[in-house]
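**Q** Pasting a predicted model and its sequence here:
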Amino acid sequence: MSKLTRRGFAVLGGSAFMAQTLLHSWATLAQGSNVDTADDDKLAELSLTEVSAMIHNHTITSTQLTKALLDRINVYNPKVNCYITVMGKDALEQAAVLDAEQKAGKFRGPLHGIPIGLKDNIDTAGTRTTAASPMFKDRVPTEDADIVRRLKAAGAVILGKLNLHEFALGCTGDISYFGPTRNPWSLDHVTGGSSAGSAAALSASLVFGALGTDTGGSIRCPSAWCGTVGLKPTIGLVSIRGIVPCAADLDHCGPMARTVEDVALMLGQMAGYDQLDIFSVPSTPEDYVKAMHQPVKSFRLGTPQSFYDHVEPEIDAAVKAALEVLTGLTAGVTSNAPLWDGLPGGGTGDADFYHHDLIEKYGLNYMPPTRARFERLENPPAGTKVATAADAARAHQMLETTRRVIDSHFTNFDLVVVPTTRLLAPKINDSLANESKGLTGGGGGAGGGAGAKVYDWFASGGGCANTNPFDSYGIPAISLPCGFTQSGMPIGLMIAGPHFSEGKVLALAYAYQQATSWHTKRPPLTAQTIVPPIVEGKPPAEAKPE
């Protein structure tokens, strides 16, 4: 169990009650007794911004933060199954170095000493990166991804690798060699995907911040269904070099956390040009935390009607209530016109080309639903049109055209506000049953098939139908909590703007967060919570320590 110093938790964002409670625990510790595990829980539930202030005020150490999270991971990861690899030894070694720098008054930045989790398609030198696939179950990269190098340089502690939908090719998060990730709000429900483990770990207070990737909604969909915050930044703002691709020209890497300010703080340490990443774009450094505090009263909002079609009633009601709040904070809704009528459909074939090479080397060594997808590509049914290099080139040209003109459509409004998803999170067993029958669409913008309403993710009623276009647009979009269903499941609100408008997107999200309390809710997950059985597929594999 983690031990707490007498000065720990002194900076708690004004929570006097919590401070008094913990002072009693410190007094008990000073008398030689053990601190209750509830102290670790309280610490783990703080925001990244709060613990960053505590680190910089010398009221807590990185080692204490890391140990508190490792203690909770031991208890809750077997229930949630969000970590594939827990890097405990390395994390504690990193924390010790950062504690020495803290003691000397040397801080690398706002992430100094903060434990961060990585989606397990992001390469880590010397630690396996699996993409949640049997094909890569023992794959150990020799180099860190560029974003990992940036985070380490900024003082972040890499706590572990987080579960995902295999190869980021799905929006449910339940197809993984290591078993489905479970939603902390209800363990028999999916988290959303593909950044399933990232959102679940945040929701269960098993990390302070996490990285996700987004190709068709893979940051925003799990953020919505797990009640957390996730930002897909402008295409190329954050390097994707060293990340296993889903569909490279649609792939984004972005921050995920429990509050808008945490996401803003993380983005400031992640953004930057990478000369060796062909998708990276030069950008002007920006203080996103400062930009988040800009006034929003003059902001004009767009609510494109097509994003409100086929929305589940409870989501529709929550988003409309959120719009009432936002209308009072801004210049109101000034347009409900379409964003872009000529949007190219889906990706440009990058995933197929990447996996063609993998299949040549490893064979069709995928989980069954993923394998079925690539079996159809390798051996298409008679009469099926096979995509050619010319098709891919045309699709890429259409994609680039869309990205060049999308900003000009923000004329009568500054930002758009829409439901993050149109559908509620399904149960894992239902989702797996349909996926085993081939009824689910693919994920991450890389294509998909038709089937039952709940599982046809890219049709008009699909779970990722609202998030998918913004990856083609390449513009920033954030999801944050805006309510709950009657059964207690989170609902997400999405805000998006033109290229490089992260500051405005964060400002509106922060203003809404400050006017509401949805982000303060925590799932009813306890050490005694019973884990429901999974009917389809194998049981979750145990997280492997480094």
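**A** Received it, and whenever you're ready, just let me know what you need. Residues are numbered from 1 along each chain as shown.
**Q** any idea how far residue 76 is from residue 206?
**A** Between residue 76 and residue 206 the distance, using Cβ to Cβ, to the nearest Å, works out to 6 Å. Bear in mind the C-beta positions are built from the backbone N, C-alpha and C, glycine included.
**Q** of these two, who's got more company?
**A** residue 206 (28 against 24; other Cβ atoms under 10 Å).
**Q** Identify the residue nearest residue 146 in space, chain neighbours excluded?
**A** residue 239 (4.1 Å; Cβ to Cβ, 6 or more residues apart in numbering).
**Q** Surely the one you found is within a helix?
**A** No. Assigned with DSSP: H, G, I helix; E, B strand; the rest coil, residue 239 falls outside any helix and is coil.
**Q** Let me know how buried it is, in neighbour terms.
**A** Neighbour number of residue 239 under other Cβ under 10 Å is 23.
**Q** again, but for residue 273
**A** Neighbours of residue 273 under the rule other Cβ under 10 Å: 13.
**Q** which residues of the stretch 151-300 of the chain fall in strands?
**A** For the stretch 151-300 of the chain, the strands defined by DSSP state E, counting those that start in this stretch cover 157-162, 209-214, 229-232, 252-257.
**Q** Format these as CSV; extra columns: mean neighbour count.
**A** Shown next, in CSV, are those (neighbours: other Cβ atoms under 10 Å):
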stretch, mean neighbour count
strand 157-162, 28
strand 209-214, 30
strand 229-232, 32
strand 252-257, 29
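**Q** mind giving me CSV with these and columns for mean pLDDT and distance to residue 58?
**A** Shown next, in CSV, are those (pLDDT from 0 to 100; distance: least, Cβ to Cβ, whole Å):
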stretch, mean pLDDT, distance to residue 58
strand 157-162, 98, 17
strand 209-214, 98, 21
strand 229-232, 98, 28
strand 252-257, 98, 23
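**Q** Ok, which of the ones you listed comes nearest residue 113?
**A** Closest to residue 113 of the strands of the stretch 151-300 of the chain, according to Cβ to Cβ: strand 157-162, at 6.5 Å.
**Q** who does the closest one pair up with?
**A** Note on strand 157-162: by DSSP bridges, its sheet partners are strand 83-86 (antiparallel), strand 115-119 (parallel).
**Q** tell me the angle that strand makes with strand 209-214.
**A** With axes from the mean of the first three to the mean of the last three Cα atoms, to 10 degrees defining the directions, strand 157-162 sits at 40 degrees from strand 209-214.
**Q** the helices in the stretch 351-500 of the chain, which residues?
**A** For the stretch 351-500 of the chain, applying DSSP state H, counting those that start in this stretch gives helices covering 368-378, 389-405, 428-436, 468-473.
**Q** so which of those helices gets nearest residue 220?
**A** That would be, of the helices of the stretch 351-500 of the chain and by Cβ to Cβ, helix 468-473, which comes in at 8.1 Å.
**Q** Rounded mean pLDDT for that closest one, please.
**A** For helix 468-473, mean pLDDT is 93.
**Q** Would you mind pulling up the elements that it packs against?
**A** Applying 3 or more Cβ pairs under 8 Å, 6 or more residues apart in numbering; DSSP states H and E, we find helix 468-473 packed against helix 389-405, strand 490-496.
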